[in-house]
Structure formats: C-alpha cells, structure tokens
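Colleague: no sequence on hand, only this structure:
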C-alpha cells in the first residue's frame, strides 16, 4: 500500500474483492472486404535472354473471427494490389 502526491491510496490488486474491469472490448466485428494476397515471385526461368517469373495470387477475406477465407477470383475482380494497399 502506498500514498501518492494527491492523497490517493494505492493498493495491490490482491486486496480488491471484485473482478478487475476489462481493459479491452471487441469492436468492428464485421468481415473485411475481399482482397488479393500475393506470394513472392519465383526465380526467373532464364538467367539471360528473357525469361518469366511466376507467383501465386489468391483472393481472400479476413473474417470477424480473425480467420481467413479463400474466395473465388471473381470476388476480387476489379481490385488491384494498389487499391488494396498491398504495394
């Protein structure tokens, strides 16, 4: 137990008889809009003379539970990485 400069008595939590009120509460418990998820580019198919690189691209949605749901590509059509803030 201690007394601070404003004469407020401070006690340890062990001395409190009631449960401590919560410091967090849920908010915005709605699913997010669908968005493109891109993986890193794979190695170039050629070391010179012009090759190609490939990567996987998925359409997904962050659910209010914190889980992700993979969606069909059409759920993300019309949305670019730039619009989704992924660049």
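Modeller: The structure has been received and is ready for your questions. Quantities reported herein were computed from a predicted structural model and do not represent experimental measurements.
Colleague: give me the distance from stretch 47-66 to the chain's centre.
Modeller: Relative to its parent chain, stretch 47-66 has a centroid offset of 18 Å by Cα atoms, centre = their mean, to the nearest Å.
Colleague: distance between the ends of it?
Modeller: End-to-end distance for stretch 47-66: 41 Å, by Cα to Cα, to the nearest Å.
Colleague: pull the residues that contact that stretch.
Modeller: Here stretch 47-66 makes contact (Cβ atoms under 8 Å, 6 or more residues apart in numbering) with 28-46, 68-76. In short, each C-beta sits where N, CA and C put it, glycine included.
Colleague: okay, buried residues for it please.
Modeller: By neighbour count with 16 or more other Cβ atoms under 10 Å, stretch 47-66 contains the buried residues 59-61.
Colleague: what does stretch 66-79 give?
Modeller: Those would be residue 76, for stretch 66-79 by 16+ other Cβ under 10 Å.
Colleague: how far is it from where the chain is centred?
Modeller: Using Cα atoms, centre = their mean, the offset of stretch 66-79 from its chain centre is 15 Å.
Colleague: what is the rounded mean pLDDT of it?
Modeller: For stretch 66-79, mean pLDDT rounds to 92.
Colleague: use 42 as the first number for this chain going forward.
Modeller: Shifting the count to begin at 42 puts that one at stretch 107-120.
Colleague: work out for me the element the nearest residue to residue 110 once chain neighbours are set aside sits within.
Modeller: Leaving aside its sequence neighbours, residue 110 sits nearest to residue 102 (Cβ to Cβ, 6 or more residues apart in numbering; 4.9 Å). Assigned by DSSP states H and E, residue 102 falls within strand 98-103.
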